[in-house]
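**Student:** What shape does this take:
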Amino acid sequence: MDVMTPREKLQTAYELAFHPARLNAAWNDWEKGRTTDVETLRLLLHWALTLHQRLPEAPAVTGRALRRLARYQATARLYRLPSMLRKFCDLAGGPKAVPAEVPAWMVRDIGLPLFGRDRRSSAESKPDRSFPSPHS
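**Tutor:** Predicted structure coming up:
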């Protein structure tokens, strides 16, 4: 991992926490010995695991960011991402102690990369061939 800004680190932590493909890629890189900055990886894994903790009460953040994080947390449980992160943290030698609550500074309205294919855009790009066009 190259030198990252704090914003890039937080974005990467969100992706590791809530985007299964990103976590899988990082895990594969770790297992194959392709991770060059292990300390940054440990920090990002710790942050990612922290993002799965209880939401902060009365945080100094927007409601939109809080709702998005709550949706991310709920969806991530379908893929067992918190358990995978705990195991990855242990393997990478990350810190054991995780705060009980997500720190308010981590609650940001961060978007994730698209997961899989966007069905709406692919359906719109292909004409419906089931019925003849009235213009043909």
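
**Student:** now the longest helix that the chain contains, how far from the centre of its chain.
**Tutor:** Ranked by residue count and defined by DSSP state H, the top helix of the chain is helix 63-78. Its chain's C-alpha centre and that of helix 63-78 lie 10 Å apart, by Cα atoms, centre = their mean, to the nearest Å.

**Student:** cool, and stretch 100-113?
**Tutor:** 10 Å.

**Student:** Buried residues, that stretch. List them.
**Tutor:** The neighbour-count check on stretch 100-113 (16 or more other Cβ atoms under 10 Å) flags 102, 104, 106-108, 110 as buried. (C-beta placed from N, C-alpha, C; glycine too.)

**Student:** And the pLDDT for residue 126?
**Tutor:** Per-residue confidence (pLDDT) for residue 126: 46.

**Student:** repeat for the one 10 residues further on
**Tutor:** The score at residue 136 is 40. That number is its pLDDT.

**Student:** Show me the contact partners of stretch 18-31.
**Tutor:** Under the criterion Cβ atoms under 8 Å, 6 or more residues apart in numbering, residues 15-17, 35, 41, 48, 51, 72-73, 75-76, 79, 81, 84-85, 88, 91-92, 112-113, 115 lie in contact with stretch 18-31.

**Student:** hmm, try it at 7 Å
**Tutor:** With contact meaning Cβ atoms under 7 Å, 6 or more residues apart in numbering, stretch 18-31 is reached by 15-16, 35, 72, 76, 79, 81, 84, 88, 92, 112-113, 115.

**Student:** List phi and psi for residue 101.
**Tutor:** Dihedral angles of residue 101 (phi, psi; degrees, to the nearest 10) stand at phi -130, psi 140.

**Student:** picking up where we left off before, what element comes up after the longest helix of the chain heading to the C-terminus?
**Tutor:** helix 81-92 (DSSP states H and E).

**Student:** same for that following helix, what does it pack against?
**Tutor:** helix 6-18, helix 20-31, helix 38-50 (3 or more Cβ pairs under 7 Å, 6 or more residues apart in numbering; DSSP states H and E).
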